[in-house]
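Engineer: turn this into a structure:
(one chain, ligands or ions: 1)
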Amino acid sequence: MTDANKECPEFPFFGASYPDATCNNGYLWDLDSCDEPGGPLFSGGDYPCPFCNFEKHVERSAENLWNESEQMTPLRARTLAADGLNAFRKRHGFHTAPYTPHDGEFS
Ligand SMILES: [Zn+2]
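Structural biologist: Residues are numbered from 1 along each chain as shown. Got it, this is the predicted structure:
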């Protein structure tokens with residue numbers, strides 16, 4: 001069985017201590033952004049899913065890291081983001097994703 005057949009798990013992401021993020025078409029949505037349990041979600045769709053949208057998630061996290069530190073290079077930021085995300089995937093029983101960090105500018 002490969003990860004491609006696995007459903008993306010729900011996990012804490014939007015600031016709650018319990019799983020408050022769910023994946024919909026590769027992007028995360030806030031489970032607390034509904035009017036009633038199980039109702040439509042109003043907040044999300046911006047952040048790529050760490051399980052099925054790995055490279056986009058790394059790019060987004062790396063850009064955040066790069067913005068936060070003047071000493072950070074794009075290559076270092078992508079390396080840190082990919083390592084952190086692969087550790088996170090392992091904790092959820094997913095394989096680590098192959099990824100080669102590069103030093104290109106963030107778009
Ligand atoms: Zn997903």
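Engineer: contact partners of the strand or helix carrying residue 84?
Structural biologist: Element membership for residue 84, per DSSP states H and E: helix 74-91. Residues external to helix 74-91 that are found in contact with it (C-beta atoms under 8 Å, 6 or more residues apart in numbering): 50-51, 54, 57-59, 61-63, 65-66, 95-97, 99, 101-106. For every residue, glycine as well, the C-beta is placed using N, CA and C.
Engineer: same thing but at 6 Å, please
Structural biologist: Contacts with helix 74-91, where a contact means C-beta atoms under 6 Å, 6 or more residues apart in numbering, come from 50, 58, 61-62, 65-66, 96, 99, 101, 103.
Engineer: ok, now stretch 11-25?
Structural biologist: Stretch 11-25 is contacted by residues 8, 10, 28-32, 49 when judged by C-beta under 6 Å, 6+ apart.
Engineer: so which bits of this protein are right by the ion?
Structural biologist: Contact residues, the chain versus the ion (C-beta under 5 Å from the ion): 8, 23, 49, 51-52.
Engineer: top of those residues by neighbour count?
Structural biologist: With neighbours taken as other C-beta atoms under 10 Å, the top of the residues of the chain next to the ion is residue 51, carrying 22 neighbours.
Engineer: quick check, that one in contact with residue 8.
Structural biologist: Yes - distance between residue 51 and residue 8: 4.2 Å, which falls inside the contact criterion (C-beta atoms under 6 Å).
Engineer: ok, residue 105 to the ion distance?
Structural biologist: Between residue 105 and the ion the distance is 27 Å, computed by C-beta to the ion, to the nearest Å.
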